[in-house]
Every structure is written in structure tokens, then in C-alpha cells.
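Student: Would you be able to build a 3D model of this:
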Amino acid sequence: MLILEGCGQRQGGKALESQRQELISYEIGDAEVTITRCDEAAEGEVVIPDEIEGLPVTSIGGSAFSACGGLTSITILDSVTSIGDGAFAGCLNLNSVTILDSVTSIGEGAFMVCPRLTSINIPDSVTSIGGGAFVDCSILTSITIPDSVTSIGTYAFGDCSNLTSITIPQAFHSEDEASRL
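Tutor: Here you go, the predicted structure:
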């Protein structure tokens with residue numbers, strides 16, 4: 001398991017005192033942390049920490065993990081509120097994602113082309129799922145979208161060829177709404 005806590009680089013490239021500083025980059029702004037990049041060599045199970053340098057990790061930036069094909073499992077802890085566009089896109093070995101109860105938005109294409117993704121937990125805190133968020137997650141078989149979700153982007157689950165069960169909030173039950181998912 002790879003725990004990213006305490007590893008990384010500050011914006012501007014100043015290295016932290018860490019043996020794994022090359023694995024993650026992040027930016028600090030407004031007393032919070034955004035993870036911006038993960039080294040392509042990262043593999044296995046990753047736990048996104050609650051804090052880095054004593055500050056809360058509140059977001060995973062766009063494309064932050066998109067080059068990390070060796071990741072197999074992601075756990076996003078409580079301080080993260082947003083998952084950026086394409087944050088985990090193309091993580092070809094990613095098979096499990098656990099999102100705890102603070103995330104409110106999942107960006108466009110956040111998990112697109114994750115062909116081994118078999119399970120994902122979308123918590124009740126999520127209010128929006130971006131377009132193409134799970135496109136080409138070809139072995140995802142079922143998903144439950146909580147009632148808290150008020151916005152689902154077009155083609156959010158496109159080309160999920162094995163998706164046989166999807167539970168969606170009542171607001172999306174019209175034929176027009178369901179067909180665009």
C-alpha cells in the first residue's frame with residue numbers, strides 16, 4: 001500500500017523531507033492542498049491523505065493520477081471535497097475506488113478509461129458527476145447513485161458495456177434524462 005501522506009513537492013519544486021518525495025506533487029493555496037500530479041512509477045493501493053504539511057487535502061486536481069497505470073486501488077479520505085476532471089483517467093489497472101463522505105463533485109472524465117474498475121462507492125455527499133466520468137469502464141457491473149446527486153453530465157457511464165444494474169435518483173427517471181447517461 002502506498003500512503004501519500006507526507007510525500008511530495010510544493011509548488012515551485014521545493015522538496016519536502018521525505019523518502020518518497022518523487023511520488024506526488026501538490027500545491028498549497030488558501031490554507032488547503034490540491035494534489036496535482038503523481039509519479040508514473042506509483043503502483044498498488046493508494047490512500048489520499050487527510051492532510052499534508054498540517055493542511056487539509058481538499059481536492060485532487062485535473063489529470064493528477066492519469067499517468068499512473070500501476071495503481072490498483074484508491075481510497076479518498078474525508079477532507080477531499082472535489083475530484084478534478086480526468087483525475088484518474090487512463091489508470092488501466094485501477095479496480096477499486098473508495099470515496100468517503102466529504103466529496104461533493106466528481107469531475108468530467110474523472111475515471112474514464114479505467115477498464116478494470118469493478119467497484120466504486122459514491123457517497124451521499126456527492127451532488128454532481130461530470131460528463132464521461134466513468135466512460136469506458138468496461139467491467140463495471142453495477143452502480144448506485146445516491147439521491148444527493150442533482151447533476152449528472154452527458155455520457156457519464158458511456159461504453160460501460162457490462163453495466164447491468166444502475167440505481168439513479170428519481171429526478172433522472174425520465175427517458176430523456178436516463179438516455180444521456
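
Student: For the rest of this, base every contact and every neighbour count on C-alpha atoms.
Tutor: OK.

Student: Please enumerate the helices of this structure.
Tutor: Ranges of helices in the chain, per DSSP state H, are 175-179.

Student: Spatially central residue for it, please.
Tutor: Ranked by distance to the mean C-alpha position of the chain (C-alpha atoms, centre = their mean), the top residue is Ile83 at 5.0 Å.

Student: Correct me if wrong: it contacts Ser63.
Tutor: No. Counting by C-alpha atoms under 8 Å, Ile83 sits too far from Ser63 to count as a contact (9.6 Å).

Student: okay, and the common contacts of the two?
Tutor: Ala110 (C-alpha atoms under 8 Å, 6 or more residues apart in numbering).

Student: OK, contacts around the residue nearest to the centre of the chain?
Tutor: Per C-alpha under 8 Å, 6+ apart, neighbours of Ile83: 59-62, 103, 105-107, 110.

Student: Phe65 too?
Tutor: 37-39, 87-89, 91.

Student: Give me the phi and psi for it.
Tutor: Backbone torsions for Phe65, taken as degrees, to the nearest 10, come to phi -110, psi 10.
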